[in-house]
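[1] Next come a sequence and a model predicted from it.
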Amino acid sequence: MLESITVYLATVSTAEPVPQMSIIDLMLDADLVVQLVLLILLGMSVACWVIILNKVKQVRLAEHRSNTFLDVFWKSSRLDQVYDQMDRFKGSPIAAVFKAGYIELSKLTNQPQESGENAVHMGGEENLSRSLRRAMTTERTSLERATTFLATTGSTAPFIGLFGTVWGILRAFQKMEVVNPSIQTIGPDIAHALIATAVGLAAAIPAVMAFNFFNRRIRVLSTEMDNFSADFLNIVKRHFWSR
């Protein structure tokens, strides 16, 4: 008995170690279907990070210049003075709403005197409100552009990775039917399956977090646009249409 154990231990100690494969080697050695799944997930992940970086820049610029615009707007006594400084506020959705409202107001107040009063009092408020709503919709759409891809990635990437996982496990079971099952024969396929799951989660988690982050910041900017639009209409009614 002792001799058998000694021979077994000697055999194990002299056996060649199993070569370690890197993650890249495992990906390159994977089945064509698993490689396609990994390629799709990597592409979605890269696209998400490009969107995230660009959207961070856009949202920060919108917030900073909107705050600057509001400070200038409430400190100014004339609307035309604010309008003359519009180049300073490029990227601000609130400034874009003001610009649309100011242009529409200028059209109404520059009408001929005999028809201008009726237009201002009867249809002017409706036209101005429509112009402000149109500008808010445009700015909101611009802020939300490409964020839907983040939501799509967050909801679909885990399932795409799961498909690669199931496929890899099926390949492992197929090999077990034709060869003696061992860690050397089925191990790579199981590793490919686990890599597909990991890559799917790595693509989905940042996408979901970024989507929630941007959605909250855009919602705040949308609320500020709504508030400014209401304030702008009140100012116009008080200083232009009450005469």
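    All right, it came through fine. Numbers count the residues shown, from 1 in each chain.

[2] Next up, identify which helix or strand Arg217 is on.
    helix 183-236 (DSSP states H and E).

[3] what's the distance between the one residue sitting closest to the centre of the chain and Arg219?
    Central residue of the chain (C-alpha atoms, centre = their mean): Thr147, 3.3 Å from the mean position. Thr147 is 11 Å from Arg219, where distance means C-beta to C-beta, to the nearest Å. Just so you know, the C-beta spots here come from the backbone N, C-alpha and C atoms, and that holds for glycine as well.

[4] try Arg60
    Applying C-beta to C-beta to Arg60 and Arg219 gives a distance of 16 Å.

[5] Could you do Glu104 as well?
    26 Å.

[6] okay, these two: which has more neighbours?
    Glu104 (20 against 13; other C-beta atoms under 10 Å).

[7] Surely the more buried one touches Ser131?
    Yes. In this structure, Glu104 is within contact of Ser131 by C-beta atoms under 8 Å, at 3.9 Å.

[8] before we move on, which element is the closest residue to Leu70 other than its chain neighbours in?
    The shortest distance from Leu70 to any non-neighbouring residue, by C-beta to C-beta, 6 or more residues apart in numbering, is to Ile94 (6.6 Å). If you go by DSSP H and E, Ile94 is part of helix 93-109.

[9] Same check on Leu128?
    Applying DSSP H and E, one finds Leu128 within helix 125-144.

[10] Can you name every helix or strand that that helix contacts?
    helix 32-75, helix 93-109, helix 183-236 (3 or more C-beta pairs under 8 Å, 6 or more residues apart in numbering; DSSP states H and E).

[11] quick one: average confidence on the shortest one?
    Helix 93-109 carries an average pLDDT of 90.

[12] Go through it and flag the buried ones.
    93-102, 104-105, 108 (16 or more other C-beta atoms under 10 Å).

[13] looking at it, Ser129 is touching Leu233, isn't it?
    Yes. With contact defined as C-beta under 8 Å, Ser129 counts as touching Leu233 (6.6 Å).

[14] tell me the most buried of the helices and strands packed on helix 125-144?
    Highest mean neighbour count of the helices and strands packed on helix 125-144: helix 93-109, a mean of 20 (counted as mean count of other C-beta atoms under 10 Å).

[15] Tell me which other helices or strands that helix touches.
    Counting by 3+ C-beta pairs under 8 Å, 6+ apart, helix 93-109 packs on helix 32-75, helix 79-83, helix 125-144, helix 183-236.
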